[in-house]
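Novice: Need the 3D shape of this:
(one chain, ligands or ions: 1)
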Amino acid sequence: MTQVVLVGCGVVGATLAYELSQHDNLSITILDKQSPAQGATGAALGIAMGVISHKVKGRNWRLREASLRRYTTLLPELEAAVGRPVIHNKQGILSLCFDEAELPRWRSLQEIRQRQGWPLEIWSPQHISDACPHIAADQAVAGIYSPQDLQIAPKSLTYILLEAAQRRGVQVQTNALVTGFEHEGDRISAVQTQEGRYPVDWVILTAGLGSELLTQQLGVRLPLVPVLGQGIRVKVESPLGNTDFQPVINGNDIHLVPLTNGEYGIAATVEFPTAGETTPLPQEAALAAVWNGAMAYCPALEAAEVLETWYGLRPRPQGQAAPVIQYLEGYVNAVLATGHYRNGVLLAPATAQRVMSLMFDSE
Ligand SMILES: Cc1cc2nc3c(=O)[nH]c(=O)nc-3n(C[C@H](O)[C@H](O)[C@H](O)COP(=O)(O)OP(=O)(O)OC[C@H]3O[C@@H](n4cnc5c(N)ncnc54)[C@H](O)[C@@H]3O)c2cc1C
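Specialist: Next up is the predicted model:
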């Protein structure tokens with residue numbers, strides 16, 4: 001049996017563990033220093049901005065498209081495997097356009113997507129108002145509606161991926177802080193934790209922000225900048241707008257995400273470390289700007305009860321594009337799958353495909 005160890009039980013590691021579990025002759029262990037989905041994954045709302053993103057070609061679009069395609073089969077597959085639903089919203093994403101000057105760019109995107117086989121609709125303010133009466137449509141010049149983009153609750157997804165992976169024999173070890181590695185030349189032979197050692201044929205680093213420290217121990221520099229994101233969870237008395245049509249709404253990069261039981265998530269700030277800071281601290285003013293921005297396009301939020309605010313840190317690679325999916329420089333059996341910055345939930349399935357092709361295509 002080939003021993004595979006994954007370090008990091010966020011959405012990326014969990015997806016990879018599940019996808020790898022379908023290969024024969026692999027003995028797979030996934031380690032995390034804490035419980036699953038406590039890192040960036042636990043802070044995300046899981047919006048999968050594929051078709052509606054302005055990425056139209058190259059690696060970034062290919063990853064997005066591959067993920068969207070895999071999600072259409074992965075979600076039902078997981079639900080069948082564990083017998084309960086992965087919480088997700090298939091009613092699409094509506095992006096509000098407030099500036100006439102941006103419309104040509106959206107029209108051009110719509111044409112490109114049509115050629116690529118993905119529908120994208122451009123709605124008038126009246127259409128926005130009819131479909132989503134909770135939105136102050138008079139402020140918008142148009143709404144761009146993407147029916148095939150989706151939102152997936154990241155914790156629900158991660159737990160179910162791990163459960164399905166465990167049913168196929170994957171070992172999930174929590175409270176297992178990886179402290180180092182043993183290697184012989186360009187081959188890693190074992191992963192060390194505080195409790196013991198795991199002999200390996202392959203190591204995959206899916207440790208999000210923790211990947212920087214791990215690669216340092218192997219003599220490789222992988223600078224990752226923590227970019228803070230804050231959000232707000234609110235409750236309203238009855239669902240906003242039409243109860244049977246509850247898409248994710250995006251206005252000026254502020255997302256309004258329908259959750260369950262009349263709750264909504266509003267996110268997220270994008271806060272970089274300031275000079276002298278290694279890790280940014282949440283700024284009240286940044287959160288207030290998100291909250292005010294959401295109320296500006298959805299005035300009904302003024303009556304909402306704020307249940308909680310939260311924040312998390314996104315792993316943003318420095319000096320290279322997100323995400324980082326490649327062999328760890330200098331090693332033949334270590335692969336990096338990290339640095340997913342703002343799109344780890346969206347890109348997890350495509351990341352797993354890339355990693356598996358790095359592992360198996362050269363065989
Ligand atoms: C506020 C916010 C909103 C977001 N919204 C979205 C969104 O809508 N859509 C989207 O696609 N993405 C979103 N993201 C980004 C997304 O959350 C990340 O890209 C994604 O979660 C990265 O997943 P990961 O598995 O690589 O990392 P993580 O979830 O951070 O998991 C890494 C894991 O590795 C473990 N680990 C680290 N070091 C070690 C070690 N030495 N030993 C053992 N374990 C270790 C950690 O404990 C952690 O569990 C958002 C992020 C934030 C903060």
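Novice: Name the helix or strand for the closest residue to residue 257 other than its chain neighbours, please.
Specialist: Closest residue to residue 257 apart from its sequence neighbours, by CB to CB, 6 or more residues apart in numbering: residue 265 at 4.2 Å. Where you see a C-beta, it was placed from the backbone N, CA and C, and this is true even at glycine. Assigned by DSSP states H and E, residue 265 belongs to strand 263-267.
Novice: Return that strand as CSV; C-alpha atoms alone will do.
Specialist: Only the C-alpha atoms of strand 263-267 are listed here, as CSV (Å, rounded to 0.1, in the frame of the first residue of the first chain):
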residue,chain,number,x,y,z
GLU,A,263,-30.7,34.0,8.9
TYR,A,264,-28.3,35.7,6.5
GLY,A,265,-24.6,36.1,6.4
ILE,A,266,-23.1,39.4,5.2
ALA,A,267,-19.4,39.3,4.3
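Novice: need the residues of the stretch 151-300 of the chain near the ligand, please.
Specialist: Neighbours of the ligand within the stretch 151-300 of the chain, by CB under 6 Å from any ligand atom: 177, 178, 206, 207, 208, 209, 210, 214, 229, 231, 267, 268.
Novice: any idea how far residue 146 is from the fourth one?
Specialist: If I follow you right, that is residue 207. To residue 146, residue 207 is 32 Å away according to CB to CB, to the nearest Å.
Novice: again, but for residue 34
Specialist: Between residue 34 and residue 146 the computed distance is 34 Å (CB to CB).
Novice: Tell me which stretches of the stretch 101-250 of the chain form helices.
Specialist: Counting by DSSP state H, counting those that start in this stretch, residue ranges of the helices within the stretch 101-250 of the chain are 103-116, 125-131, 154-167, 211-217.
Novice: counting contacts, what elements does the third one pack onto?
Specialist: Think helix 154-167. helix 11-20, strand 26-31, helix 40-43, helix 58-82, strand 171-173 (3 or more CB pairs under 8 Å, 6 or more residues apart in numbering; DSSP states H and E).
Novice: let's see 10 Å
Specialist: If contacts are counted by 3 or more CB pairs under 10 Å, 6 or more residues apart in numbering; DSSP states H and E, helix 154-167 sits against helix 11-20, strand 26-31, helix 40-43, helix 58-82, strand 171-173, helix 344-360.
Novice: mind checking the SS state of residue 6?
Specialist: Applying DSSP: H, G, I helix; E, B strand; the rest coil to residue 6 yields a three-state assignment of strand.
Novice: So what's the residue count around whichever residue of the stretch 51-200 of the chain sits closest to the ligand?
Specialist: Residue nearest to the ligand within the stretch 51-200 of the chain (CB to the nearest ligand atom): residue 178, separated by 3.6 Å. Residue 178 has 23 neighbouring residues, counting by other CB atoms under 10 Å.
Novice: per-residue pLDDT, it?
Specialist: If you check residue 178, the pLDDT there is 98.
Novice: show me where pLDDT drops low in this protein?
Specialist: Residues of the chain that meet the criterion pLDDT under 70 lie in 362-363.
Novice: so residue 347 makes contact with residue 323?
Specialist: Yes. The pair residue 347 / residue 323 is scored as a contact, 5.9 Å apart, by CB atoms under 10 Å.
Novice: okay, and the common contacts of the two?
Specialist: 12, 60, 63, 337, 340, 341, 354 (CB atoms under 10 Å, 6 or more residues apart in numbering).
Novice: And the last one, how far from residue 59?
Specialist: Okay, so that is residue 354. Remark: distance between residue 354 and residue 59 (CB to CB) = 9 Å.
Novice: Between these two, which is the more surrounded one?
Specialist: Between residue 354 and residue 59, counted using other CB under 10 Å, residue 354 has the larger neighbour count: 20 against 13.
Novice: Could you find the closest non-adjacent residue to the more buried one?
Specialist: residue 325 (4.6 Å).
Novice: how about the closest residue in space to residue 168 that isn't next to it in sequence, what does it touch?
Specialist: Spatial nearest neighbour of residue 168, excluding adjacent residues (CB to CB, 6+ apart): residue 21 at 3.9 Å. Neighbour list for residue 21: 4, 28, 161, 164, 165, 166, 167, 168, 169, 170 [criterion: CB under 10 Å, 6+ apart].
Novice: Kindly report the same for residue 344.
Specialist: 10-12, 15, 39-41, 44, 46, 154, 206, 208, 314-315, 322-323, 337-338, 351.
Novice: now do 7 Å
Specialist: 11, 12, 40, 41 (CB atoms under 7 Å, 6 or more residues apart in numbering).
Novice: okay but the first one is in contact with residue 346, surely?
Specialist: No. Between residue 11 and residue 346 no contact is recorded; they are 9.6 Å apart, counting by CB atoms under 7 Å.
Novice: So for the two, which residue has more residues nearby?
Specialist: Between residue 11 and residue 346, residue 11 has the larger neighbour count (other CB under 10 Å), namely 32 against 27.
Novice: circling back to that earlier point, which positions within whatever helix or strand comes next after the strand holding residue 265 qualify as buried?
Specialist: On the C-terminal side of strand 263-267, the nearest following helix or strand under DSSP H and E is helix 284-297. Residues of helix 284-297 classed as buried: 286, 287, 290, 291, 293, 294, 295, 297 (neighbour count, 16 or more other CB atoms under 10 Å).
Novice: Which of the helices or strands spans residue 342?
Specialist: Per DSSP H and E, there is no helix or strand for residue 342.
Novice: Which residue, neighbours along the chain excluded, lies closest to whatever residue of the stretch 151-300 of the chain ends up closest to the ligand?
Specialist: Per CB to the nearest ligand atom, residue 210 is where the stretch 151-300 of the chain lies closest to the ligand, at 2.2 Å. Excluding its sequence neighbours, the residue lying closest to residue 210 (CB to CB, 6+ apart) is residue 8, at 6.6 Å.
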